[in-house]
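Participant: 3D, please:
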Amino acid sequence: MEEKKIRRNLYRVLRKTGVQKNNIKLNTSFNDDLRFDPVDWSIFAYYLEGVFKISIDDDDLGKLETVKKTIQYLGKSA
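Facilitator: Numbers count the residues shown, from 1 in each chain. Okay, here's the model as predicted:
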């Protein structure tokens with residue numbers, strides 16, 4: 001899957017989790033900038049797996065610290 005499509009779909013997922021569009025940047029940190037809590041991470045993982053048709057284990061989910069790292073991860077998984 002091309003990066004542009006991955007980014008567009010990831011932004012859709014983040015919007016579904018309640019993140020405002022203007023808060024989504026490549027260097028946005030889920031924990032520091034968006035203040036994700038365990039519930040946010042669960043919702044994010046649910047939508048991410050559904051939209052991208054992948055399965056993410058908890059170890060990999062913990063490595064997705066920023067939007068950019070998530071795009072890179074999804075590029076490798078696609």
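Participant: where does the closest residue to Leu26 other than its chain neighbours fall, helix, sheet strand or coil?
Facilitator: Among residues not flanking Leu26 along the chain, Lys68 sits closest, at 4.5 Å (C-beta to C-beta, 6 or more residues apart in numbering). Any C-beta I mention is one placed from the backbone N, CA and C, and that applies to glycine too. Under DSSP: H, G, I helix; E, B strand; the rest coil, Lys68 falls in the helix class.
Participant: Near Lys68, how many other residues are there?
Facilitator: 15 (other C-beta atoms under 10 Å).
Participant: any idea how far it lies from Thr28?
Facilitator: The gap separating Lys68 from Thr28 is 8 Å, by C-beta to C-beta, to the nearest Å.
Participant: got it, and Glu49?
Facilitator: Distance from Glu49 to Thr28, by C-beta to C-beta: 20 Å.
Participant: quick one, which of those two is more surrounded?
Facilitator: Neighbours per residue (other C-beta under 10 Å) separate Glu49 from Thr28, with Thr28 holding more: 17 against 14.
Participant: Considering only helices and strands, which part of this structure has the lowest mean pLDDT?
Facilitator: helix 58-63 (a mean of 91; mean pLDDT, DSSP states H and E).
Participant: Contacts for that one, please.
Facilitator: Trp41, Ala45, Lys69, Tyr73 (C-beta atoms under 8 Å, 6 or more residues apart in numbering).
Participant: Would you mind listing the buried residues in that helix?
Facilitator: Of the residues in helix 58-63, Leu61 count as buried by neighbour count, 16 or more other C-beta atoms under 10 Å.
Participant: try stretch 37-56
Facilitator: Applying 16+ other C-beta under 10 Å to stretch 37-56 flags Asp40, Trp41, Phe44, Ala45, Tyr47, Leu48, Phe52, Ile56 as buried.
Participant: Quick one: the helices in the chain, in order.
Facilitator: Along the chain, counting by DSSP state H, helices occupy 3-16, 38-52, 58-63, 67-77.
Participant: Dump those into JSON lines; add distance to Asn23 as well.
Facilitator: Compiled in JSON lines, the helices of the chain are given as follows (distance: least, C-beta to C-beta, whole Å):
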{"stretch": "helix 3-16", "distance to Asn23": "8"}
{"stretch": "helix 38-52", "distance to Asn23": "13"}
{"stretch": "helix 58-63", "distance to Asn23": "20"}
{"stretch": "helix 67-77", "distance to Asn23": "10"}
